[in-house]
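Asks: give me a 3D structure for the following:
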Amino acid sequence: MSVPNTATMLDPDSALPPCKPNRLKLIYDIVMLIVITIDLVLISFDAILMSSFSSNVAGWLALSEGLNWYREELHDPLRTAGGFFTLFLIYELLGRWAIAIKQKLYYRWFFFPFVHWYEVLGCFPQLRALRLFRVVVIGRSLYQLGYQVLPQPWLNRIKFYIDLLLEELSDRVILTAIDNYRQQLTNPEMQKSLIESTIGRNRQEIESVLLALLRTQLAPQLKKLSGQTASDDIIAREVGNAIEDGIANTPELHRLLRLIPIAGSLIESQLQSIGHSIGQNAAASLNKRLLADKNLDPLMIAIAKGVAQLDVDNSAFDALIAQIIADSLTEFEAQIKVQQWKHKDMLRF
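Replies: Numbering: from 1, shown residues only. Below is the predicted model of the structure:
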């Protein structure tokens, strides 16, 4: 689910693609930008000079007389000027609301104050700081139209600090969630429920992956054990050697062959050679039959299905899966802790 852009929520018109600006609207936006900027500067200036902090600084710098003169002579006129600014912005907002109703810019006539909530609240003297949002929206609109409101280095630095703030906030949220999840994993019932639900939902996928691995990894290795000829077949050769050793280590056969003069030892040697060949050929033939695709693939399917249907009610298996999950969370946590903003060129003055 995509998250709407902040500026889009502030002003739906900013979501529209930039078009050729109307000269009158462009001049109007620039005038409003200047007016609101002057208002905010006067508000900030007056708030700073009327604070106790300014009184302390003026006392340290021996400027108390000048500060008192400002408070007695200029504070009230500036407050009056601020009131005129507020009245002007109220009438300006009502005028734009009327224009929006006439032009049917919104689905309902009463949507305007909800869309421009920051302007409505900014009309209250206690919330005049919200007028800064109007400056941001106008400045962004002018920037999209190609007018450089602020120098590009300033914009780059503002974007950098916004990204820094968002990254730090999101990292803290993610790390807290990981820590809470890791604590929940220490609960045996939580582990069991997690493993059973995870494997239960994905048994078919587990079977498919296991079957693919068996076909691509195990089957070729098994076929390597069976060479092109019987002499190259490791299994066949060992079976032949086993039969030959079995004949050689059969006492009854020795006693019978000793009854045959002269040819007994020759017959025994031939029997061992023949037994070796029979065992080797039989094992090689059996390997070829078993390792044929028509016989091997059903075996792989049966193995994959059997493994996928394994019973997960096993304490050792639960501990293994829980450790794997914990290690994955630790690795993910380490990646989250890397502060990407520290690697940006913006920090290289």
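Asks: next, the buried residues of the helix or strand where residue 82 lies.
Replies: Counting by DSSP states H and E, the element that carries residue 82 is helix 75-103. Buried residues in helix 75-103, counted by 16 or more other CB atoms under 10 Å: 78, 82, 85, 86, 89, 92, 93, 97, 100. C-beta: built from backbone N, CA, C; applies to glycine.
Asks: residues contacting the second one?
Replies: Residues in contact with residue 82 (CB atoms under 8 Å, 6 or more residues apart in numbering) are 39, 42, 43, 46, 125, 128.
Asks: next, give me the two most distant ones among those residues.
Replies: Spatial extent of these (CB to CB) is set by the pair 42 and 125 at 12.8 Å.
Asks: just give me the neighbour total for residue 260.
Replies: By other CB atoms under 10 Å, the residues close to residue 260 number 12.
Asks: next, it: secondary structure please.
Replies: Under DSSP: H, G, I helix; E, B strand; the rest coil, residue 260 falls in the coil class.
Asks: and the contacts of residue 82, which are buried?
Replies: Applying 16+ other CB under 10 Å to the contacts of residue 82 flags 39, 43, 46, 128 as buried.
Asks: let's have the residues you listed in CSV, adding distance to residue 335.
Replies: Formatted as CSV, the buried ones among the contacts of residue 82 follow (distance: CB to CB, whole Å):
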residue, distance to residue 335
39, 46
43, 44
46, 48
128, 43
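Asks: among those residues, which one sits closest to residue 144?
Replies: Among the buried ones among the contacts of residue 82, and counting by CB to CB, the member closest to residue 144 is residue 39, at 23.9 Å.
Asks: remind me which helix or strand the closest one belongs to.
Replies: helix 23-49.
Asks: then whichever helix or strand comes after that helix to CSV, C-alphas only?
Replies: Heading C-terminal from helix 23-49, the first helix or strand you meet, by DSSP H and E, is helix 52-60. Taking Å, rounded to 0.1, in the frame of the first residue of the first chain, the C-alpha atoms of helix 52-60 are listed here in CSV:
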residue,chain,number,x,y,z
SER,A,52,12.7,35.8,29.1
PHE,A,53,15.7,34.4,27.2
SER,A,54,16.1,37.8,25.4
SER,A,55,15.9,39.5,28.8
ASN,A,56,18.8,37.5,30.1
VAL,A,57,20.8,38.0,27.0
ALA,A,58,20.1,41.8,27.0
GLY,A,59,21.2,41.9,30.6
TRP,A,60,24.5,40.2,29.8
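Asks: what residues sit buried inside helix 52-60?
Replies: 54, 58.
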